[in-house]
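S.K.: take this sequence and fold it.
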Amino acid sequence: MKRAKQLMDGNSPKTTNGWNRRQFGSVLAGGMAGWLVSGSPVRGALSPMGELIDFGLVTYMWGADWDLPTLLANCTTAGVTGVELRVEHAHGVDVSLSAAQREEVRNRFEEGRVTLLGIGTNFEFHSPDPAELKKNLEGAKAFLKLSHDVGGSGVKVKPNQLPKEVPVEKTLEQIGKALAELGDAGLGFGQEIRLEVHGGVSDLGHIKTIMEVADHPGVRVCWNSNDEDLKGEGIEANFAKVQPYLGKTVHIREVNEGAYPYTTLAELLVKADYQGWVCLEARTKPADRVVALAEQRRLFMEMVQKARQAAG
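M.R.: Take a look at the predicted model:
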């Protein structure tokens, strides 16, 4: 039987004087809405589609060694509005924190200009070993509570592998059922389960199958900008397979490096009226990461604005 659809509460893009950004943007549509986030004017009307796309950071390489005050300060300087805290990094936000320490983390984010999107974990659910599967499930559940306590709205997990000794369909079903269990656990904490398209399960057809098995409103997909997105019928067809399941976070790499079609991704997100954060998961080593972060934000958000102009 299909699970009853339930609305998930979570952090949403910023509001202005009690209005949500879509309402505020509608008021601006007649005039100032034609300005790019970089401060450059856009010629022509902007479609309201995609106006709730924000830019965030995953503390992967560029933020891994920043403690929490430094992370918040650097994101604010770069104009980045959201952060996914990858586990085991210098920010120190993990399940060992006491109740008082968790409250302190929540307060730091609430007092700043950066939204805590949640926790990026490495829990995975493909193992044929029941004990290993249970260990990963229980570990993920502990991070659901942590994310709730510190003010996050979700926990990222991975499908990761397809064991050769197990039929693919059986593994996909196991992952989907595990995610449904996590989805139930997340409802009580107001948390979204974010399945990162990752590792040996990066085929978007497999991800779609997993989501159909999970069949849970609290289980969503974190698009990960993989090379596999371009295979088969191409990025448009692969995006369509999981677009109904997209969650509050999307991962990208540096948009001016490599051959990934980020302009097309921005167009697809706008056409889908995506509402959430596109988070940079950087891999390069620039001399000044804060300057580079601001530049990546500018480049991608300009792609979004141009896509909105084309759709206007």
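S.K.: hey, let's count contacts and neighbours off CA atoms from now on
M.R.: Fine.
S.K.: so what's the backbone phi/psi at the residue lying farthest from the centre of the chain?
M.R.: In the chain, the greatest distance from the average C-alpha position (C-alpha atoms, centre = their mean) is reached by residue 165, at 31.8 Å. Dihedral angles of residue 165 (phi, psi; degrees, to the nearest 10) stand at phi -80, psi 0.
S.K.: need the contact list for it.
M.R.: Under the criterion of C-alpha atoms under 8 Å, 6 or more residues apart in numbering, residue 165 has no neighbours.
S.K.: and the pLDDT for it?
M.R.: Looking at residue 165, its pLDDT reads 96.
S.K.: shaky segments in the chain?
M.R.: 1-44 (pLDDT under 70).
S.K.: mind telling me what element the nearest residue to residue 227 once chain neighbours are set aside is part of?
M.R.: Leaving aside its sequence neighbours, residue 227 sits nearest to residue 260 (C-alpha to C-alpha, 6 or more residues apart in numbering; 7.2 Å). Following DSSP states H and E, one finds residue 260 outside all helices and strands.
S.K.: run a quick neighbour tally on residue 260.
M.R.: By other C-alpha atoms under 10 Å, the residues close to residue 260 number 19.
S.K.: how much space between it and residue 109?
M.R.: 32 Å (C-alpha to C-alpha, to the nearest Å).
S.K.: torsion angles phi and psi at the residue nearest the centre of the chain?
M.R.: Nearest residue to the geometric centre of the chain (C-alpha atoms, centre = their mean): residue 249, 1.5 Å. Per-residue torsions, residue 249: phi -130, psi 140 (degrees, to the nearest 10).
S.K.: what's the neighbour count on the nearest residue to it once chain neighbours are set aside?
M.R.: In space, and not counting its chain neighbours, residue 249 is closest to residue 277: 5.0 Å by C-alpha to C-alpha, 6+ apart. The number of residues packed near residue 277 is 26, by other C-alpha under 10 Å.
S.K.: I would like the residues contacting the helix or strand harbouring residue 277, please.
M.R.: Assessed by DSSP H and E, residue 277 sits inside strand 276-280. The contact list for strand 276-280 (C-alpha under 8 Å, 6+ apart) reads 12-13, 52-58, 82-84, 247-254, 296.
S.K.: cool, stretch 52-72 as well?
M.R.: So stretch 52-72 is contacted by 13, 21-22, 80-86, 89-92, 109, 112, 114, 251, 273-285, 289, 297, 301 (C-alpha under 8 Å, 6+ apart).
S.K.: got the buried residues for it?
M.R.: 52-64, 66, 68, 71-72 (16 or more other C-alpha atoms under 10 Å).
S.K.: surely residue 196 and residue 225 touch.
M.R.: No. Counting by C-alpha atoms under 8 Å, residue 196 stays clear of residue 225, with 10.1 Å between them.
S.K.: show me which of these two is the more surrounded one.
M.R.: residue 196 (26 against 21).
S.K.: phi, psi of that one?
M.R.: Dihedral angles (degrees, to the nearest 10) for residue 196: phi -70, psi 130.
S.K.: who touches the nearest residue to it once chain neighbours are set aside in this structure?
M.R.: Nearest non-adjacent residue to residue 196, counting by C-alpha to C-alpha, 6+ apart: residue 222, 4.5 Å away. Contact analysis of residue 222 by C-alpha under 8 Å, 6+ apart lists 156, 194, 195, 196, 197, 246, 247, 248, 249, 250, 251.
S.K.: how about 10 Å then?
M.R.: 156-158, 193-198, 242, 245-251, 278 (C-alpha atoms under 10 Å, 6 or more residues apart in numbering).
S.K.: next up, phi/psi of it, please.
M.R.: phi -100, psi 100.
S.K.: same check, this time on the one 10 residues further on
M.R.: Summarising the backbone geometry of residue 232 under the convention degrees, to the nearest 10, its torsions are phi 60, psi -120.
S.K.: count of neighbours near it?
M.R.: 10.
S.K.: same check, this time on residue 295
M.R.: 18.
S.K.: could you report the distance from it to residue 252?
M.R.: Counting by C-alpha to C-alpha, the gap from residue 295 to residue 252 is 14 Å.
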